[in-house]
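Visitor: no sequence on this one, just coordinates:
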């Protein structure tokens, strides 16, 4: 019984120790894969901010937040979403540049 518990604790500690080594590292990823991962992260962030905009519109419409807070939050979320969309467009443009150079 003690051996089984010790084994479980040992294996758990081993997994916890080795897990960071199994994760993808930026230096180990090809540049194309890194750009795709960055774009995927930006698309996720964009969805979060667009959802936040919808949420504050609903909160304001149901009088849960006042007009000053609503305007401040809306401005903040719009600015963040806009900068993320610009970053996505920039990545897409960079991805297209090598293709147009091969033609």
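Guide: On my side now, so go ahead. Model, not experiment: these values are computed from the prediction. Numbers count the residues shown, from 1 in each chain.
Visitor: look up phi and psi at residue 65.
Guide: Per-residue torsions, residue 65: phi -130, psi 150 (degrees, to the nearest 10).
Visitor: just give the closest residue to it, not the sequence neighbours.
Guide: residue 59 (4.8 Å; CB to CB, 6 or more residues apart in numbering). Where you see a C-beta, it was placed from the backbone N, CA and C, and this is true even at glycine.
Visitor: pull out the buried residues from the one helix or strand the one you found maps to.
Guide: Taking DSSP states H and E as the definition, residue 59 sits inside helix 31-61. Within helix 31-61, the residues scored as buried using 16 or more other CB atoms under 10 Å are 39, 42, 45-46, 49-50, 52-53, 56, 60.
Visitor: ok, now stretch 67-79?
Guide: 70, 73, 77.
Visitor: contacting residues for the last one?
Guide: So that's residue 77. 49, 52-53, 56 (CB atoms under 8 Å, 6 or more residues apart in numbering).
Visitor: so how far is residue 54 from residue 60?
Guide: As for residue 60, its distance to residue 54 is 11 Å (criterion: CB to CB, to the nearest Å).
Visitor: fine by me, thanks again.
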